[in-house]
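Sequence and predicted model, in that order:
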Amino acid sequence: MAAAAAGEAADAAVERMVKLADYVTRNGSKFEDMLRAKEAMAETHTGQFSFLESAHAHYATYRWAVAALLLQTPRTDVVTRVTAAFGLDAAALQTYQKQLMDHLDSVRAWQQQQQQQQQQQQQQQQQLQHQ
């Protein structure tokens, strides 16, 4: 029964994290600041958004989720990867988070390459039109 409760708590944390990451990608990071301030002022710290603190074990997971959603990674993929992160011990989590960030770096590099190729094609078309 304790394992089921822990699993439900992890599922709720994943959903909360991905929802916030999704909201922040659409509306900006000011909402994060408001949540931090609200948590700091609360008489009882709920810990629901403690992953916003850089010392939290899942801070890098959250930052990855925001970046992944900004790069238009499907939400289902983000949920799957964040869920996987919640099932790891500390050492494995650090390795996994590094892999996630490396993956994002690869996606960013690919997107930049695609943009550069599109710009070059547009420039070539413009040159052909002016000849």
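Cool, the structure landed.

What distance do you get for the spatially closest residue to Arg108 that is not a sequence neighbour to His103?
Residue nearest to Arg108 in three dimensions, not counting chain neighbours: Leu71, with 6.9 Å by C-beta to C-beta, 6 or more residues apart in numbering. (Each C-beta comes from the backbone N, C-alpha and C, glycine too.) The spacing between Leu71 and His103, counted by C-beta to C-beta, to the nearest Å, is 10 Å.

go on, Gln127?
For Gln127, the distance to His103 - C-beta to C-beta - is 37 Å.

Between the two, which has more neighbouring residues?
His103 (15 against 9; other C-beta atoms under 10 Å).

Assign the more buried one to helix, strand or coil.
At His103, secondary structure determined by DSSP: H, G, I helix; E, B strand; the rest coil is helix.

for it, what are its contacts?
Residues counted as contacts of His103 (C-beta atoms under 8 Å, 6 or more residues apart in numbering): none.

so how far is Trp110 from it?
Plainly put, His103 is 11 Å away from Trp110 if you go by C-beta to C-beta.

Just read off the phi/psi values of Glu53.
When read as degrees, to the nearest 10, the backbone of Glu53 gives phi -90, psi 130.

can you give me the helices in this protein?
Counting by DSSP state H, one finds helices in the chain at the ranges 2-27, 30-41, 59-70, 75-86, 90-129.

Report pLDDT for the one residue sitting closest to the centre of the chain.
Nearest to the mean C-alpha position of the chain, by C-alpha atoms, centre = their mean, lies Ala65 at 1.2 Å. Looking at Ala65, its pLDDT is 94.

repeat for the one 10 residues further on
Residue-level confidence at Arg75 comes out at 92, pLDDT.

List the residues that contact it.
Val18, Asp22, Leu69 are the contacts of Arg75 under C-beta under 8 Å, 6+ apart.

thinking the last one is in contact with Ala21, fair?
Right, Leu69. Yes - using C-beta atoms under 8 Å, Leu69 is in contact with Ala21, at 5.5 Å.
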